[in-house]
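Q: when you get a sec, could you give me coordinates for this:
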Amino acid sequence: QTQPQPQPQPTKQINFDQLLQEIDNAQHSSQIYRVLNCYRDWWDQPKFRKGTGWDSPPFDFGDVQGILYDAADIVTFVREYLDANDNTMKFRMLDGNSQALFNRTSKIENENSFLRDLVHSTLSDAVGYVEGLSAQQIDDFMNKVIEFRNAQKAGHK
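A: Predicted coordinates for the structure are as follows:
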């Protein structure tokens, strides 16, 4: 006689606005810095190393550090949202396809466009968007995080 198999417990669905309000700031900050450090690795390539490098990056890390931090913040929120709604094991490249974006960027002319491109690249791989995301979803998440962070800043003044 066959015993019924236990059904997996459904993950409690959480919406993105709720996630923004309930985030664990220490854990979130830790994840931001993990992504940020992966971004920074691009500047640590042997070809860019001082004294032994044969090339220089088209833009300095210090000049884009704020944009990189904002992108890592947005990406971390999106990943936390995905994890909150799907507790299956995931293998992620923390910086996604961002290295390809850095390699093809010769100059940052518009910081907002670069931020958007970086968030999209980080949530992509060589084939396209990861974990079922779409460009529109990413833009929506990005706008919500920017709005949330701006409201936080306004509240601290």
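
Q: which positions in the longest helix seen in the chain come out as buried?
A: Longest helix in the chain by number of residues (criterion: DSSP state H): helix 61-85. Residues of helix 61-85 classed as buried: 64, 67-68, 70-82, 84 (neighbour count, 16 or more other Cβ atoms under 10 Å). Placement of C-beta: from N, CA and C, glycine included.

Q: same question for stretch 109-127.
A: Phe114, Leu115, Arg116, Asp117, Leu118, Val119, His120, Ser121, Thr122, Leu123, Ser124.

Q: tell me the pLDDT of Asn37.
A: Reading off the confidence values, Asn37 has pLDDT 96.

Q: gap between it and Phe61?
A: 11 Å (Cβ to Cβ, to the nearest Å).

Q: with Ala71 instead?
A: Ala71 is 13 Å from Phe61, where distance means Cβ to Cβ.

Q: related to what we said a few turns ago, and the buried residues of stretch 109-127 as TSV, adding secondary structure?
A: As requested, those are arranged in TSV below (DSSP: H, G, I helix; E, B strand; the rest coil):
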residue	secondary structure
Phe114	helix
Leu115	helix
Arg116	helix
Asp117	helix
Leu118	helix
Val119	helix
His120	helix
Ser121	helix
Thr122	helix
Leu123	coil
Ser124	strand
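
Q: show me where the chain has helices.
A: Counting by DSSP H, the helices of the chain are 16-22, 25-40, 61-85, 98-104, 111-122, 135-155.
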